[in-house]
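*Asks:* heads up, no residue letters with this:
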Ligand code: ZN
């Protein structure tokens, strides 16, 4: 019996869209929240709103543009090159992003009577982002519960999956085609298979190829 309500932190990308399908299967009611923080590609928030509408879930768009102002990064600034040097955090890392997003999502979740907050962070395939680690999420979960005296549960269905397994999960949820054709993961703002060149596209494609090779789903592309 599905009873509880969840808020999904939703960017319209592969991971958070898979999380949205996961949440819809699990919870009686689901809402989504997308953060606008000066992304170079406005299409990202438009796609998120479109997907939410199509799946019949309420969508909240919150303005967090101060984040781009505070922590200039390659996702918000054309003049910062996307790169990942050995031993350093990639230039796509935004200091404080998940800390702030999850905190604001929690404020919203409490307002709308949701206990669960679902996020697509992942430690397995992560690019070294410290705020995608399980220990960070667990620590923040405790902090949020104490801060608002409310029994939040942060769900991270992708935490221990690699990209191929995330495709497998989407498939199991009946969302494989939807995720493949409708989401935007590319740092260059090109939906579906994307530009094919940026790190996000490469990671997505490698996982898809691996899943296709092992699942007998050949020919779907
Ligand atoms: Zn790309």
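*Replies:* Done, it's in. For clarity, every value in this text was computed on a predicted model and none was experimentally measured.
*Asks:* residues from this structure in reach of the ion?
*Replies:* With C-beta under 5 Å from the ion as the criterion, the chain meets the ion at residues 186, 188, 194, 195, 198, 201. Heads up, the C-betas are built off the backbone N, CA and C, glycines and all.
*Asks:* Could you list which residues are in contact with residue 58?
*Replies:* By C-beta atoms under 8 Å, 6 or more residues apart in numbering, the contact set of residue 58 is 31, 32, 52.
*Asks:* which parts of stretch 123-140 are buried?
*Replies:* 123, 125, 129, 131, 132, 133, 136, 137, 140 (16 or more other C-beta atoms under 10 Å).
*Asks:* Report the lowest-confidence entry in those residues.
*Replies:* Here the lowest pLDDT out of the buried residues of stretch 123-140 sits on residue 125, with 67.
*Asks:* Any of the contacts of residue 58 buried? List them.
*Replies:* Buried members of the contacts of residue 58, counted by 16+ other C-beta under 10 Å: 31, 32, 52.
*Asks:* out of the residues you listed, which are inside strands?
*Replies:* Among the buried ones among the contacts of residue 58, the ones falling in strands (DSSP state E) are 31, 32.
*Asks:* Turn the buried ones among the contacts of residue 58 into a markdown table, columns for pLDDT.
*Replies:* Converted to a markdown table, those look like this (pLDDT from 0 to 100):
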| residue | pLDDT |
| --- | --- |
| 31 | 98 |
| 32 | 98 |
| 52 | 98 |
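*Asks:* Apart from its chain neighbours, what residue comes closest to residue 114?
*Replies:* Spatially, and ignoring its direct neighbours in sequence, residue 114 is nearest to residue 5 (4.0 Å; C-beta to C-beta, 6 or more residues apart in numbering).
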